[in-house]
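Novice: Provide a 3D model corresponding to the input given below.
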Amino acid sequence: MLDANSSRTVLSELEACSFRNKSPEETAEYMKGILDKHLPMRSDSSRSQKLQEERRKDHYSHFILRLAFSSTEDLRRRFSRLETALFRLRFKDDDPRERQEFVRSLNLEWDEVTEDEKRELREELLAASGQKKGEEQEWFKVDWERVPELVEQRRVFLKRGKAYVPQREQMSLVVAEFTRKLDEALEVCHHPFTSYRSPY
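Specialist: From the prediction side, this is the model:
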């Protein structure tokens, strides 16, 4: 019998951090011990013999909770919010090389901003990013609907329906894609269920 208690504990603690209005930094610090205890996730480079076991436990337990939380729209939203917060924590803490490999595997269909475009839009890009003159930074562009959080916070430059996103804001795109795919998976899981008992 597969056990979802570990994931349930992690998500409960993450939700409690939100209720207590902990800052992102406080949440990350508090959750580190919780994750190490209940859902450790070593990097591939650690060469740990427990690596596959950890991956399997994480995958199965979250899938079970996905099924449990799929029955109503409110539960799906709650689960999506918590799983996205957990993904954000792990993404920030991941090994940089493995993080980039993961990002490349997503095929996010963004376009790199050419050097000509960067020269043409130099002042606008500097203003949007808060970047100082002389600092070098890579940029990419996507349809603005894919980064609503960055648009709302005015952290990107908009032109002809495209959002020009600085490299350091890459995580927002990755998190948005994770949330989109999770929401789709929850909708698929929803249809077979007509009753629900809370897992908490």
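Novice: what residue of this structure is the furthest out?
Specialist: In the chain, residue 120 marks the outermost C-alpha relative to the chain mean, sitting 32.1 Å out by Cα atoms, centre = their mean.
Novice: what separates that one from residue 58, distance-wise?
Specialist: Distance check for residue 120 against residue 58: by Cβ to Cβ, to the nearest Å, it reads 45 Å. For glycine as for every other residue, the C-beta is placed from the backbone atoms N, C-alpha and C.
Novice: Check residue 116 too.
Specialist: Distance from residue 116 to residue 58, by Cβ to Cβ: 44 Å.
Novice: Neighbour count: those two, which is higher?
Specialist: Neighbour count, other Cβ atoms under 10 Å: between residue 116 and residue 58, residue 58 has more, with 17 against 8.
Novice: That one and residue 31: what is the separation?
Specialist: Distance of residue 58 to residue 31, computed by Cβ to Cβ: 15 Å.
Novice: Likewise for residue 153?
Specialist: Note on residue 153: its distance to residue 31, by Cβ to Cβ, is 24 Å.
Novice: higher neighbour count, these two?
Specialist: More neighbours surround residue 31 than the other of residue 153 and residue 31, with 20 against 11 (other Cβ under 10 Å).
Novice: Name the helix or strand for that one, please.
Specialist: helix 24-38 (DSSP states H and E).
Novice: List the buried residues of that helix.
Specialist: Buried residues in helix 24-38, counting neighbours by 16 or more other Cβ atoms under 10 Å, are found at 27, 28, 30, 31, 34, 35, 38.
Novice: swap in stretch 15-22?
Specialist: Those would be 17, 22, for stretch 15-22 by 16+ other Cβ under 10 Å.
Novice: hmm, back to that, would you turn the buried residues of helix 24-38 into TSV with distance to residue 182 and pLDDT?
Specialist: Converted to TSV, the buried residues of helix 24-38 look like this (distance: Cβ to Cβ, whole Å; pLDDT from 0 to 100):
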residue	distance to residue 182	pLDDT
27	19	93
28	21	91
30	23	93
31	19	92
34	21	91
35	19	89
38	20	84
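Novice: wait, which of these is closest to residue 14?
Specialist: Nearest to residue 14, judged by Cβ to Cβ, of the buried residues of helix 24-38 is residue 31 at 6.3 Å.
Novice: Would you check that that closest one makes contact with residue 14?
Specialist: Yes. Using Cβ atoms under 8 Å, residue 31 is in contact with residue 14, at 6.3 Å.
Novice: Give the residue spans of the protein that score low on pLDDT.
Specialist: Along the chain, the parts satisfying pLDDT under 70 run over 1-4, 42-49, 131-136, 191-200.
Novice: please redo it, this time with the cut-off set to 80
Specialist: 1-5, 41-55, 57-62, 94-109, 129-138, 167, 170, 172, 190-200 (pLDDT under 80).
Novice: Show me the strands in this structure, by range?
Specialist: For the chain, applying DSSP state E gives strands covering 111-112, 139-143, 157-159, 162-166.
Novice: so which of those strands is the most packed in?
Specialist: Stretch with highest mean neighbour count among the strands of the chain: strand 162-166 (a mean of 22; mean count of other Cβ atoms under 10 Å).
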